[in-house]
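Student: model this:
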Amino acid sequence: MRDDYIKQALTVVPDPNMLINVVSRRVKQLRRGNRPLVESFEKLSAEDTALREIIEGKISFECGQS
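Tutor: Next up, the predicted model:
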């Protein structure tokens, strides 16, 4: 994963643990064949694609409170 993508994604999802959960869930979806929500001229890994989707606001998340 690219460090610059991680830093940018942490501005959107400030909790690192939550970011890991969101990215891992999206990576599983991408590896199962779901189409990426962002276009890229370079070949990105599933992890980097998920981070770009978060950065660009294509993926939303909810933080459940108990």
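
Student: neighbours around the residue lying closest to residue 16 once chain neighbours are set aside, how many?
Tutor: Once flanking residues are discounted, residue 16 sits nearest to residue 10: 6.8 Å by C-beta to C-beta, 6 or more residues apart in numbering. To be clear about C-beta, it is placed using only N, CA and C from the backbone, and glycine gets the same treatment. Residue 10 has 16 neighbours, counted by other C-beta atoms under 10 Å.

Student: check which helix or strand covers residue 10.
Tutor: Counting by DSSP states H and E, the element that carries residue 10 is helix 3-12.

Student: what distance separates the helix or strand where residue 47 lies from the centre of its chain?
Tutor: Here residue 47, judged by DSSP H and E, is contained in helix 46-55. Put simply, helix 46-55 sits 4 Å off its chain's centre (C-alpha atoms, centre = their mean, to the nearest Å).

Student: list the buried ones in that helix?
Tutor: Buried residues in helix 46-55, counted by 16 or more other C-beta atoms under 10 Å: 46-55.

Student: can you check stretch 4-16 too?
Tutor: So for stretch 4-16, counting by 16+ other C-beta under 10 Å, buried means 5-6, 9-10, 12-13.

Student: same check on stretch 21-30?
Tutor: Here stretch 21-30 shows 22-23, 26-27, 30 as buried, counting by 16+ other C-beta under 10 Å.

Student: farthest-separated two in those residues?
Tutor: Taking C-beta to C-beta as the measure, the buried residues of stretch 21-30 span a maximum distance of 12.6 Å, between 22 and 30.
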